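Novice: Show me how the following folds:
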Amino acid sequence: MTLSSTPDSITVLTGMYAAEAEYLAAGGPGEASFDVLAPYFAPDVVLHQADSLPYGGTWRGHAGMTRFFLAMSAAWESFDMVEQEFLATGETAVILTQVRARARATGRELTFPVLQTITVRDGRIAEIRPFYWDTGAIAEACAVPTPAG
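Specialist: As a prediction, the model looks like this:
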């Protein structure tokens, strides 16, 4: 897919979320190719996740995004973006997403908001900073249970 020279932030983001749905429908991490998503991310994209999350840390470039999607898949059996609201001005977009997810390790289901700030430069996503309402609840739901002893 070819993006026009400088599409606005909302166009880039809605395209990326559609490509992400296609990626997940094709099997997602470990099964589908990241190539469907690559046109939406700058080669030097940076994703900052809260360190307390099972997929926490800083993920860089297309290789980092590929590893991030694998880490998310390891943590979540399902991760559905139920509702999204977009606000964009210039290069900066803010997305409020209501998520419904099931943790792979515990089977627990959670519903929670995620607020993301996303920077779009030259028609591609350059930086992503998600903010979770309760990282502790997410980390607890995704924790691998230890045997009672």
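
Novice: Relative to residue 86, how far out is residue 73?
Specialist: 25 Å (Cβ to Cβ, to the nearest Å). Every residue, glycine included, has its C-beta placed from N, CA and C.

Novice: any idea which residue sits dead centre in the chain?
Specialist: The chain has residue 69 as the residue nearest its centroid, 7.4 Å off, counting by Cα atoms, centre = their mean.

Novice: hang on, it in a helix?
Specialist: Yes. Counting by DSSP: H, G, I helix; E, B strand; the rest coil, residue 69 is found in a helix.

Novice: Name the nearest residue to it, sequence neighbours excluded.
Specialist: Excluding the flanking residues, the one nearest residue 69 by Cβ to Cβ, 6 or more residues apart in numbering is residue 29, at 4.2 Å.

Novice: swap in residue 70?
Specialist: Leaving out its chain neighbours, the residue that sits closest to residue 70 by Cβ to Cβ, 6+ apart is residue 29, at 4.4 Å.

Novice: ok, the one you found to residue 37 distance?
Specialist: 11 Å.

Novice: The residue nearest to the centre of the chain reaches residue 28, doesn't it?
Specialist: Yes. With contact defined as Cβ atoms under 8 Å, residue 69 reaches residue 28; the gap is 7.0 Å.

Novice: before we move on, back to that, the more surrounded of residue 29 and residue 37?
Specialist: Shown here are residue 29 and residue 37; by other Cβ atoms under 10 Å, residue 37 has more neighbours (20 against 17).

Novice: residues touching the more buried one, list them.
Specialist: Counting by Cβ atoms under 8 Å, 6 or more residues apart in numbering, residue 37 makes contact with 16, 19, 20, 23, 65.

Novice: Let's see which of the residues you listed end up in helices.
Specialist: Those of those mapping onto helices are 16, 19, 20, 23, 65, per DSSP state H.

Novice: Could you point out which of these is nearest to residue 109?
Specialist: Residue 109 lies nearest to residue 20 out of the ones in helices among the contacts of residue 37, by Cβ to Cβ, at 20.9 Å.
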